[in-house]
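# Fold the following and give me the result.
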Amino acid sequence: MSSLNIQLLLLVTVVEQITCHKQVERSEIKPGDHIYTYRAVFAYSHHGIFVGGSKVVHFTRAGTSSSSDDDVYNQPSSCPTFPDCGYRQPKSGVVLSCLDCFLQKGSLYCFEYGVTPSVFIAKVRGGTCTTAESDPPETAIHRAMYLLQNGFGNYDVFQNNCEDFALYCKTGLLTIDRLGVGRSGQASSVIGAPLAALLSSPLKLLMPSPVGVATVTAGMYCMSRYATDIGVRTDVIKVAVEDLSVNLGWMNTEEGATENVLTGPVT
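Numbers count the residues shown, from 1 in each chain. Sure thing, here's the model as predicted:
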């Protein structure tokens, strides 16, 4: 084996170690942790806040039960262990469920906060970490339980999904601009991949090597993900959970919404 092949093999090994999503045991998670599991053979991940007592608060499409929809909680008619499993307010997508029903026999993973830019960029798949620092666990639990009673607005795959919910509970951060992508790393990945391919396509005329084009495309994809991370974005503000209904436009008072967005109340 040539020295170049050995170097490439070592590089791939290092990248695999960095980008690997480490499965965690149930005994390892703590109240206030942002957890997730994969659905549909790793097609997408579903996120929630572990609040202790084998309970998870998470966000779904309100009143939807079709397992073909993204981030849908296909709640059984009754949980054999916890009578309150599946509790939600009318027309709300925020659900309290037991850990078993949340996982649906999937593996358990813990979302990472405060990672370095190099580690974030190396994570090929979005929706696993952020450079943003998390607030204390008790604050995340308070936000999750408050939203369980008051809702989190309308579910949207790109603007307001289960990962957005968990990220808000952990950081209290919201995006000011409601156009484009929200805070979700999964949504950034979906948008960033085709964008990177489009931007790198002219390089095929300049780079005869497919490896070179692929490397540049991968770099553009990772950088596009990094640019939309809530830890580096400039269009985010800290919003108190008690003021969230105004900031998300759940109230009809536009004047009140504008006032709160400009002042950016902090929890």
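
# Point to the helix or strand of the chain where mean pLDDT is at its lowest.
helix 254-263 (a mean of 38; mean pLDDT, DSSP states H and E).

# in a strand, that's where D243 is, yeah?
No. Under DSSP: H, G, I helix; E, B strand; the rest coil, D243 sits outside any strand and is assigned helix.

# any chance you could map the strands in the stretch 1-150 of the chain?
Applying DSSP state E, counting those that start in this stretch to the stretch 1-150 of the chain gives strands spanning 34-39, 44-52, 55-59, 94-98, 109-110.

# how far away is Q23 from L108?
6 Å (Cβ to Cβ, to the nearest Å). The C-beta positions use only the backbone N, C-alpha and C, and glycine is treated the same way.

# more neighbours, those two?
L108 (17 against 12; other Cβ atoms under 10 Å).

# my guess is D100 meets G86, correct?
No. With contacts counted by Cβ atoms under 8 Å, D100 stays clear of G86, the gap being 11.9 Å.

# Please enumerate the shared neighbours of those two.
C79 (Cβ atoms under 8 Å, 6 or more residues apart in numbering).

# just the helices in the chain please.
3-19, 99-103, 117-122, 137-150, 162-171, 185-200, 210-227, 244-247, 254-263 (DSSP state H).

# So A240 versus D135, what's the distance?
12 Å.

# neighbour count winner among these two?
Neighbours were counted for A240 and for D135 using other Cβ under 10 Å; D135 has more, 19 against 16.

# How confident was the prediction at the more buried one?
On the pLDDT scale, D135 is placed at 98.

# where does it fall, phi/psi-wise?
Main-chain dihedrals, D135, degrees, to the nearest 10: phi -80, psi 170.

# what about the nearest residue to D33 once chain neighbours are set aside, neighbour count?
Nearest non-adjacent residue to D33, counting by Cβ to Cβ, 6 or more residues apart in numbering: F50, 4.7 Å away. When neighbours are defined as other Cβ under 10 Å, F50 has 27 of them.

# where's F50 relative to V24, distance?
For F50, the distance to V24 - Cβ to Cβ - is 11 Å.

# Now for these two: what residues contact both?
With Cβ under 8 Å, 6+ apart, F50 and V24 have no common neighbours.

# thinking again about what came up before, intersection of neighbour lists for Q23 and L108?
What both Q23 and L108 touch, as defined by Cβ under 8 Å, 6+ apart, is an empty set.

# related to what we said a few turns ago, what's across from the residue nearest to D33 in the sheet?
With DSSP bridges as the criterion, F50 is bridged to V56.

# residues contacting it?
I29, K30, P31, G32, D33, H34, I35, V56, L99.

# just C110 next, same as before
Contacts for C110 (Cβ under 8 Å, 6+ apart) come out as V24, E28, I29, D33, H34, I35, Y36.
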